[in-house]
Every structure is written in structure tokens, then in C-alpha cells.
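# Compute the structure for the input listed below.
(chains A and B)
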2 protein chains.
Amino acid sequence: MEIKVLKDILSANEQIAERNRQLFDSNKVFTVNLMSSPGAGKTSLILETIRRLKEKTRVGVIEGDISSSLDAEAIGKEGVPVIQINTGGACHLGANMLSSALSNMPLQDIELLLIENVGNLVCPAEFSLGEHKKVLISSIPEGDDKPFKYPLMFDIVDAVLINKIDLLPYLKFDTQAFSQAVRGINEKVEIFQISCATGQGIQEWVSWLLTQMSRR
Amino acid sequence: MEIKVLKDILSANEQIAERNRQLFDSNKVFTVNLMSSPGAGKTSLILETIRRLKEKTRVGVIEGDISSSLDAEAIGKEGVPVIQINTGGACHLGANMLSSALSNMPLQDIELLLIENVGNLVCPAEFSLGEHKKVLISSIPEGDDKPFKYPLMFDIVDAVLINKIDLLPYLKFDTQAFSQAVRGINEKVEIFQISCATGQGIQEWVSWLLTQMSRR
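Numbering: from 1, shown residues only, chains lettered A, B, ... in the order given. Here you go, the predicted structure:
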């Protein structure tokens, strides 16, 4: 009974996600769903990405949070269109929430849409939004055991960014063991080591993103 | 319709939580539900707490994770009874999962039960387990804006531990602004600054815990 209800919800979500994808494609908008634990660096990565891409491509941002509009305010200062979705308690964005928000996003004016999901390694992994790529930000302070604890999240993403790499001298984190564990779950995944604080690795991430966009 | 289903689930959970609480009380077991983001330091705090309390009180541990038994293995080395619950996808422990696990925990032999919830700032806040105290571990690398983004979690807890305080020199985190934001949501909450890496503040936390136990 419970499983049936869950299946219905998931399938309704998939249908709306598919409609979102068609809307993105007809507007030639490439869309990335950014997921992570709370405070792993989603907003910082979006800011760094906008700054490096501003001259090359037109970016829009959708911010998902349970409450507050702190992140949308920070991103609005970069002069790009941004919409905040408050989920009002829900632990992930759903395709329906995104669909509602899209009516306020000038899709014809942008080429890249970055979507920041709710900070959570569980529920966001289960709900597609209609995005072209799913990206996970892991961060050094979270520890290198996370692939074993949240395998679905690591399985469904196209890229994993290891953020806060500048903190490596102060913490125990085996990047090789972590990458091995990630590839054990998802052998095709791209892995980048980055620091939004120092800028390390951001250019490689941005180049990968532009390559993915050009392939569509 | 959806709201009705959710209410039914929550109310069923409350009933089982109440039965768990009666079981704890009849066995004179004090129970703490530890919650946090992934990698904020729940397992490290449990290890530090066991080490300081081993001579004073008999501790048992229940570990909640979506998958893996890494944490239970680490804690088992301390020679205390430990049970791993794998939620198999669920983003929080439920009172029913705890109830099943309790049949394998020698309640008559312990005085303090530490329960590590799934790493998530959203769903665990909504489900009581029958615990006597709810404790949140926040950590410096997550940033000081979390109370605004996850207000329910900060509202329902009895204590907030600010962990990884040893990383303050390397990160932007305003402990005063954070504490103010937490107290704005929950004025009675206890706030501790700790580091499981250096031991800072752990004794204050353990003393508070012993005081709470003695008051029951």
C-alpha cells in the first residue's frame, strides 16, 4: 500500500519532469540539478560558475530551500535572473515545484539554468526535475565514507565535485579512497577536486560544463 | 488527501514513540536522539562521549544509516552494545524502526542510549522516537546560515553542539550570529562549542548530559 502510493508519486513526478525537459529543449536551455549536504557549497559553486561564465553564456538560477531567500539574494547581486522556491518543509525539490517556478524564469533569455536543490543527500536523489545533468557536491569536512552511506545519490549523478579541497591539511580525508568508492558505485562519473574559497579546480569544472552544453 | 496520509503516518509514529518511551522509563534508560547533516560528527561525538562516560554509566548505541554498518563497527570497538539500523532508503529513523531494534538491545544492562539518526536536517526533525532529549550537531564548515534554512530542526532540539570549532581559523563562521539565530528560533536551547578532534568542550557536553540524566 505504502509502496503503491510512493510509486504513484514518483511516476507523476516523472511525467512533469518530462514536460520540464521538453520546455528546456524547446528553449535551448541546458539544465543542471545541483545537490549536496547542507553547507557543502552549492551556492558558492553557483556564484563561482556565474562569474566565470557571465561573458560566455547567459545563466539563470533557481534556488531551492525549505525556508529563507538568503541564497537567492546572494545570487541576485550577480545580475542574473534568479527565483527562490521555498518548499515549506519538503526535503527535496519536485518537478511540479520547478514547473511552477519556470513560469517566472525568462527561458528564452538564458542558455544555462542552474538549479540548487534542498541540502540533503537522500530525497533529492529520488526525484528528477527534467534536468540534463545531475551534479553532486561533496566536501572534505563531511568525510570520505559518504559513498557507502548514501549510495543512491552517488549512483545517479553525472559528476561529483569534491569541494573545500583547501581544508585537506586540517582534516582526515583520503581523496583516492573516496574516488575509488564513488567509481565502485558509478564508473562513468566525472570527479573534480575544487575549492570555491581559493578557486582551485573551478576552471576544469566550468570547461566540463561548457563541453556538456556544446554536445547537446 | 496527501496531508491526511501524512497526518496518519505522524500519528502512528507518535503512538509507537510513546510505547518506546514507556519501555525506556520502565528500564531506567535515558535516551538521546542525535541529529545532524551528513558528516557533522555524530559518530565522533558518540565515541568521545562513550570514552568519557564508560566508568560512570553504562552506554548503549543505536546507529541509523540508509546503508552500511561502518559506524556500528567503529562503535563496537569501544565494547558497548551497538545495533545498526539500515533504513533501506528512508531519510530518517522512525519510532517503528527503533522499536524493532530495541528487542536486540539489553535495556536492563544500560543507563544511557545514544541514537544516531540518518544524516539529514529535514525529515528526522518530524519524527519522534520516544527519546528524552533531542540534540543537534551543527559544524563550522556548514556555515552559520543553517538556522534560517532548517528552522524546524533548530526549534525542536534541546541542545545544539557547534562541532569542528578547531576549524574556525580557516573558515568564515560567526559563532555569535549563529547562536543568536538559534536562540531567535528556540530560546531555551543549550549551545555548546566543541571539537571532537581536539576534545574542546566535550567535558561540558558530558556534564550537561549527566545532569539531564540525574534529573529524571
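# contacts and neighbour counts: CA atoms only from here.
OK.
# can you list contacts of the top helix by length along chain A?
Longest helix in chain A, counting residues (DSSP state H): helix A:2-26. Contacts of helix A:2-26 with the rest of the structure, by Cα atoms under 8 Å, 6 or more residues apart in numbering or on different chains, involve A:30-31, A:94-96, A:98-99, A:107, A:126-132.
# quick one: buried residues of that helix?
A:10, A:13-21, A:23-24 (16 or more other Cα atoms under 10 Å in any protein chain shown).
# Need the pLDDT of A:Val59.
A:Val59 carries a pLDDT value of 98.
# Now do the phi/psi pair for the residue nearest to it when sequence neighbours are not counted.
The spatial neighbour of A:Val59 that comes closest, neighbours along the chain excluded (Cα to Cα, 6 or more residues apart in numbering or on different chains), is A:Leu112 at 4.8 Å. When read as degrees, to the nearest 10, the backbone of A:Leu112 gives phi -130, psi 130.
# same thing with the one 4 residues further on?
Recorded main-chain torsions at A:Glu116 are phi -90, psi 120, according to degrees, to the nearest 10.
# residues in chain A within reach of chain B, list them.
Within chain A, the positions adjacent to chain B are A:37-40, A:65-68, A:89-91, A:120-123, A:141-143, A:146, A:148-151, A:167, A:170 by Cα under 8 Å from any Cα of the partner chain.
# cutoff 7 Å now
Contacts of chain A with chain B, taken as Cα under 7 Å from any Cα of the partner chain, map to A:37-40, A:65-68, A:91, A:120, A:122-123, A:141-143, A:148-150.
# Looking at the contacts of helix A:2-26, which are in strands?
Mapping the contacts of helix A:2-26 onto strands (DSSP state E) picks out A:30-31.
# how about A:Ser44, what does it touch?
A:Cys196 (Cα atoms under 7 Å, 6 or more residues apart in numbering or on different chains).
# Please tell me how far it sits from chain B.
Separation of A:Ser44 from chain B (Cα to the nearest Cα, to the nearest Å): 11 Å.
# which residues touch stretch A:199-216?
Against stretch A:199-216 from outside (Cα under 7 Å, 6+ apart): A:30, A:49, A:192-195.
# Among the residues you listed, which ones are in helices?
Reading helices off the contacts of stretch A:199-216 with DSSP H, I get A:Thr49.
# per-residue confidence for the residue lying closest to A:Val29 once chain neighbours are set aside?
In space, and not counting its chain neighbours, A:Val29 is closest to A:Glu111: 4.5 Å by Cα to Cα, 6+ apart. A:Glu111 is assigned 98 on the pLDDT scale.
# Surely A:Glu111 is in contact with A:Val32?
No - if you go by Cα atoms under 7 Å, A:Glu111 and A:Val32 don't touch, sitting 11.3 Å apart.
# Low-confidence regions, chain A specifically.
Counting by pLDDT under 70, chain A shows low-confidence ranges at A:1-7.
# quick one: the helices in it?
Using DSSP H, helices in chain A cover A:2-26, A:42-53, A:70-76, A:95-102, A:146-149, A:151-156, A:175-185, A:202-214.
# which residues touch the shortest one?
Counting by Cα under 7 Å, 6+ apart, the neighbours of helix A:146-149 from elsewhere in the structure are A:154, A:181-182, B:65-68.
# Can you select the buried ones from the residues you listed in PyMOL?
Those of the contacts of helix A:146-149 that count as buried under 16+ other Cα under 10 Å are selected in PyMOL with:
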select buried, (chain A and resi 154+181+182) or (chain B and resi 65+66+67+68)
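# any chance of the contacts of helix A:146-149 in JSON lines, with distance to A:Gly201 too?
Listed next are the contacts of helix A:146-149 as JSON lines, based on distance: Cα to Cα, whole Å:
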{"residue": "A:Phe154", "distance to A:Gly201": "20"}
{"residue": "A:Ala181", "distance to A:Gly201": "21"}
{"residue": "A:Val182", "distance to A:Gly201": "19"}
{"residue": "B:Asp65", "distance to A:Gly201": "31"}
{"residue": "B:Ile66", "distance to A:Gly201": "31"}
{"residue": "B:Ser67", "distance to A:Gly201": "31"}
{"residue": "B:Ser68", "distance to A:Gly201": "31"}
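# any idea which residue sits dead centre in chain A?
Residue closest to the mean C-alpha point of chain A, counted by Cα atoms, centre = their mean, is A:Leu34 at 0.5 Å.
# Pull the contacting residues for that residue.
A:42, A:115-117, A:134-136 are the contacts of A:Leu34 under Cα under 7 Å, 6+ apart.
# partners of it in the sheet?
Assessed by DSSP bridges, A:Leu34 has beta-bridge partners A:Glu116, A:Val135.
# That one and A:Val157, how far apart?
Shown here: A:Leu34 relative to A:Val157, a distance of 9 Å by Cα to Cα, to the nearest Å.
# before we move on, what about A:Ile46?
Applying Cα to Cα to A:Ile46 and A:Val157 gives a distance of 17 Å.
# Distance check, the closest residue to A:Tyr170 other than its chain neighbours against B:Gly143.
Using Cα to Cα, 6+ apart and skipping residues adjacent in sequence, the residue nearest A:Tyr170 is B:Leu167, 7.7 Å away. Computed as Cα to Cα, the B:Leu167 to B:Gly143 distance reads 12 Å.
# same thing with A:Asn86?
Where B:Gly143 is concerned, A:Asn86 sits at a distance of 19 Å (Cα to Cα).
# Please work out how many residues are found near A:Leu209.
Using other Cα atoms under 10 Å in any protein chain shown, A:Leu209 has 17 neighbouring residues.
# Please apply the same query to the one 4 residues further on.
Counted with other Cα under 10 Å, residues neighbouring A:Met213 total 17.
# now A:Arg183
Counted with other Cα under 10 Å, A:Arg183 comes out at 17.
# one step back: hey, what's in contact with both of A:Leu34 and A:Val157?
With Cα under 7 Å, 6+ apart as the test, A:Leu34 and A:Val157 both reach A:134-136.
# out of those, who has the most neighbours?
A:Leu136 (24 neighbours).
# correct me, but that one touches A:Ile162?
No - in this structure A:Leu136 lies outside contact range of A:Ile162 using Cα under 7 Å: 8.6 Å.
# what is in contact with those two at once?
With Cα under 7 Å, 6+ apart, A:Leu136 and A:Ile162 have no common neighbours.
# Pipe the helices of chain A into TSV and attach distance to A:Val61 per row.
Formatted as TSV, the helices of chain A follow (distance: least, Cα to Cα, whole Å):
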stretch	distance to A:Val61
helix A:2-26	14
helix A:42-53	8
helix A:70-76	8
helix A:95-102	10
helix A:146-149	27
helix A:151-156	22
helix A:175-185	28
helix A:202-214	15
